[in-house]
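Participant: could you look at this predicted model? Sequence included:
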Amino acid sequence: EESPLVRIYTWDAYNDEEGPAVEEIRANNTLINPWPTGKAWLYRNDEYVSTIEMPYTPAGTNASIVVGPSADLKVESNLFDYNITENIKVIGSAGGNHTVKETIEAWTYNLKIKSNLDRPANLEVTDSIPREAVILTVSPQPDESTATSLKWKLQLLPRQKTAINYTYQVTTTESLDGKN
């Protein structure tokens, strides 16, 4: 029996800076019974494509099947710019003045994406950032963001070249006179 399938590419820009993108098939189990763990045969236009290992999939849920690394998309993460600024500040409090060093670090990343396909493609890009990071600029806006990650869901046209650019900063302070 047929089930709805979506072909998608994923790229973890933090762990795989130079790729590759990974091709996945996401299938929805629309049956009333679960799919057991085991081998499944993939067909396209009534032609055998591949045999894959299916995970156990309860009825009404999705299964994600990793096809493997793909050359269909060329991806690359580059640290485009890094700046560090240090400021010495005197902070007044009830216990008297104390001196702190404030360090502001800013990172700018450029994530390059090039489709080698003659058809449209969907790409999910994820990247990690420090928990203390404050996003200064980002283009395009991520579809999802948490305290430590950004995720974009891109729809690529055939042979399209595009990029994701973002900058974040982390500010830390350190006491210079032993007082907290």
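Facilitator: Perfect, I can see it now.
Participant: tell me which element the spatially most central residue of the chain falls in.
Facilitator: The structure's the chain has its C-alpha centroid closest to residue 126; by C-alpha atoms, centre = their mean the separation is 0.2 Å. Using DSSP states H and E, residue 126 sits in strand 121-128.
Participant: in the following helix or strand past that strand, what's buried?
Facilitator: Next helix or strand after strand 121-128 toward the C-terminus (DSSP H and E): strand 134-139. For strand 134-139, the neighbour count (16 or more other C-beta atoms under 10 Å) marks residue 138 as buried. C-beta: built from backbone N, CA, C; applies to glycine.
Participant: who does whichever helix or strand comes after strand 134-139 touch, helix- and strand-wise?
Facilitator: Scanning forward in sequence from strand 134-139 by DSSP H and E, the next helix or strand is strand 144-145. Under the contact criterion of 3 or more C-beta pairs under 8 Å, 6 or more residues apart in numbering; DSSP states H and E, strand 144-145 touches strand 149-156.
Participant: and residue 63, what's its pLDDT?
Facilitator: Per-residue pLDDT puts residue 63 at 88.
Participant: repeat for the one 4 residues further on
Facilitator: For residue 67, the pLDDT comes out at 84.
Participant: for stretch 8-20, how far is the first residue from the last?
Facilitator: Distance between the boundary residues of stretch 8-20 (C-alpha to C-alpha, to the nearest Å) amounts to 13 Å.
Participant: now do the buried residues in that stretch.
Facilitator: 8-13, 16-17, 19-20.
Participant: and for stretch 125-135?
Facilitator: 125-127, 129, 133.
Participant: check stretch 31-51 too.
Facilitator: In stretch 31-51, counting by 16+ other C-beta under 10 Å, buried: residue 35.
Participant: check the offset of it from the chain's centre.
Facilitator: 28 Å (C-alpha atoms, centre = their mean, to the nearest Å).
Participant: equivalent analysis for stretch 114-134, please.
Facilitator: For stretch 114-134, the distance to the chain centre is 5 Å (C-alpha atoms, centre = their mean).
Participant: same question for stretch 18-38.
Facilitator: With C-alpha atoms, centre = their mean, you get 19 Å for stretch 18-38.
Participant: what's in contact with it?
Facilitator: 1, 3-11, 42, 52-77, 123 (C-beta atoms under 8 Å, 6 or more residues apart in numbering).
Participant: span of that stretch from start to end?
Facilitator: 33 Å.
Participant: and stretch 117-136, by the same measure?
Facilitator: 33 Å.
Participant: show me what contacts residue 48?
Facilitator: Contacts of residue 48 (C-beta under 8 Å, 6+ apart): 41-42.
Participant: that one: what secondary structure?
Facilitator: Judged by DSSP: H, G, I helix; E, B strand; the rest coil, the three-state class of residue 48 is strand.
Participant: ok, now residue 81?
Facilitator: Strictly by three-state DSSP, residue 81 counts as strand.
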